[in-house]
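Undergrad: Here is a sequence with its predicted model. Questions after.
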Amino acid sequence: MRALIKVGGSLLDDPASRTDIANQIAAVAASGVHVTVVHGGGKQMTRFLEERGVKSTFVRGLRVTTDETVDAVLKVLAGSVNTQLVAAICAAGSRAAGLTGIDSGVAIAEQLDPELGWVGRVVSSDPRLLETLTGAGYVPVVACVAGGRNGEVFNVNGDSMAVAVASGWKVDRCVFLTDVPGVLDADKQRIPVLTVAGCGELIAAGVATGGMQAKLNAATDAVLGGVAEVRIVRGSDPNIVRRVFDNQDDGTRVIAGSLK
Ligand SMILES: Nc1ncnc2c1ncn2[C@@H]1O[C@H](COP(=O)(O)OP(=O)(O)OP(=O)(O)O)[C@@H](O)[C@H]1O
Ligand SMILES: [Mg+2]
């Protein structure tokens, strides 16, 4: 089985939370699942930029990315956040290897929208490096940075990156670990199952905003692109990764088809 696990940045900020997630990822990999990890780091990026007096601006949940921001993306996402997660997964007993989408065409992007600057839309994902690594028992840990055809560096939303890699590598499972118990409705109740149409309605109604809007757009792309489902769960819930692999009812399942 091939599984893509996307870890939200807020789960990686605190060392105890990072260790817990790393232990769970290592356990899944040790059970024989070929696992690739994609991680975000929105919170860490905002903090790093704030410390330098740079305010973050978002459009439709995506960070407007200037030359200065893209440099910070390399330092923070591809640098400290990635390396700390790799260290934690190695300490948990797996052979984790840190990379970005730039390595061997794991994610090739084009500019999404001039208004957003260096934000990329992934246009292709070559699965061969991931196949080689996972086939040899390694756990690739991919920071959400993509390469352009002419050597550019693009900032890619973590969820979009995860979905592009999941589609290219043809995963059996795609799990998003985040900081909320799933997608919440207007009354803050968890929605167990969402169709593509349901995702669109939540966004149009202004119920799914910011990072969740980006997440649902990515999940929609995934299921329309052939991934059977995207599961969105809270990464701090006990044993959540195991529970997802055991098909327990946690979080939100985003599926393509209609609800019966
Ligand atoms: N309807 C909703 N249900 C749940 N969360 C929502 C909703 N609308 C907006 N959100 C926000 O979306 C956030 C999750 O997205 P966010 O981008 O912050 O996290 P992430 O994708 O897990 O991390 P990263 O961006 O670092 O990879 C929640 O913390 C919440 O504030
Ligand atoms: Mg996000």
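TA: Ah, there it is. All values derive from a computational prediction rather than experimental measurement. Ligands and ions are numbered 1, 2, ... in the order given.
Undergrad: got a list of what the residue in the stretch 151-260 of the chain positioned nearest to ligand 1 touches?
TA: Of the residues in the stretch 151-260 of the chain, the one nearest ligand 1 is residue 211, at a distance of 2.0 Å by C-beta to the nearest ligand atom. No exception for glycine: its C-beta is placed from N, CA and C like everyone else's. Neighbouring residues of residue 211 by C-beta atoms under 8 Å, 6 or more residues apart in numbering: 8, 42, 61, 178.
Undergrad: Swap in 6 Å and give it another go.
TA: Going by C-beta atoms under 6 Å, 6 or more residues apart in numbering, residue 211 touches residue 61.
Undergrad: Ok, residue 11 next?
TA: 17, 21, 177, 235.
Undergrad: mind redoing it with 7 Å?
TA: Taking C-beta atoms under 7 Å, 6 or more residues apart in numbering as the criterion, residue 11 is in contact with 17, 21, 177, 179, 235, 236.
Undergrad: Please, which helix or strand holds it?
TA: Residue 11 belongs to helix 10-13 when assigned by DSSP states H and E.
Undergrad: Can you name every helix or strand that the next helix or strand after that helix contacts?
TA: Of the helices and strands lying after helix 10-13 in sequence (DSSP H and E), the nearest is helix 15-30. Packing contacts for helix 15-30, counted by 3 or more C-beta pairs under 7 Å, 6 or more residues apart in numbering; DSSP states H and E, involve strand 2-7, helix 10-13, strand 34-39, helix 82-91, helix 240-245.
Undergrad: try it again with 6 Å
TA: Applying 3 or more C-beta pairs under 6 Å, 6 or more residues apart in numbering; DSSP states H and E, one finds that helix 15-30 contacts helix 10-13, helix 82-91.
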